[in-house]
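**Q** only the shape, not the letters, is given here:
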């Protein structure tokens with residue numbers, strides 16, 4: 001199991017969620033015995049995910065839908081990604097507060113990239129005028145989904161979606177938006193966390 005500073009990615013996530021004091025139960029959905037043991041070690045309940053929903057190509061929404069079908073009393077839920085190692089308690093608390101008045105809440109980070117797209121062999125700017133390029137300090141940037149967490153309702157998930165137009169967002173610090181998708185990401189995260197200690 002991948003570790004950072006002596007803790008697995010899963011245990012780091014469980015501990016942060018628990019320390020936020022926002023949840024009655026923490027569940028880990030898995031088909032892996034080692035992950036199940038690690039989850040229980042840190043006080044989470046384990047939902048054994050059927051093999052059909054535990055393949056590499058299985059989506060998060062499919063796994064959530066399967067969980068909700070088994071746990072029919074659950075009306076609201078939060079999905080946390082263990083690969084987002086800079087999850088903070090205050091982000092969770094802000095999301096919980098906003099979720100009281102919204103159908104869904106998810107993490108976003110602000111970026112200041114000028115985006116382009118190819119259309120019929122032409123490169124075109126997206127969302128800005130190439131003849132009047134915005135300066136970074138004059139532009140609020142774009143909000144992009146960070147993938148760190150999703151708070152949502154059964155009624156949305158059972159339609160195959162996490163979000164609708166009645167969502168709110170928690171804007172996380174750009175430096176907290178690193179997701180562990182490669183060994184390079186893991187090396188960067190380990191270095192950052194080592195410096196934080």
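**A** Good, I have the coordinates. Bear in mind that the values here come from a model prediction, so they are computed numbers and not experimental data.
**Q** quick one, what contacts residue 160?
**A** 61, 65 (C-beta atoms under 8 Å, 6 or more residues apart in numbering). Heads up, the C-betas are built off the backbone N, CA and C, glycines and all.
**Q** one more time with 7 Å, if that's ok
**A** Taking C-beta atoms under 7 Å, 6 or more residues apart in numbering, we find residue 160 in contact with residue 61.
**Q** distance check, it against residue 109.
**A** Separation of residue 160 from residue 109 (C-beta to C-beta, to the nearest Å) stands at 25 Å.
**Q** which helix of this protein spans the most residues?
**A** helix 183-196 (DSSP state H).
**Q** how far does stretch 68-88 sit from its chain's centre?
**A** Offset of stretch 68-88 from its chain centre (C-alpha atoms, centre = their mean, to the nearest Å): 9 Å.
**Q** what residues sit buried inside it?
**A** Applying a neighbour-count criterion of 16 or more other C-beta atoms under 10 Å, one finds 68, 77-88 buried in stretch 68-88.
**Q** out of those, which sit inside helices?
**A** residue 68.
**Q** got the buried residues of stretch 68-88 as CSV, with pLDDT and distance to residue 154 columns?
**A** Below are the buried residues of stretch 68-88 laid out as CSV (pLDDT from 0 to 100; distance: C-beta to C-beta, whole Å):
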residue, pLDDT, distance to residue 154
68, 96, 6
77, 97, 7
78, 97, 12
79, 97, 13
80, 97, 17
81, 95, 20
82, 95, 23
83, 95, 25
84, 96, 23
85, 95, 28
86, 97, 29
87, 97, 23
88, 97, 27
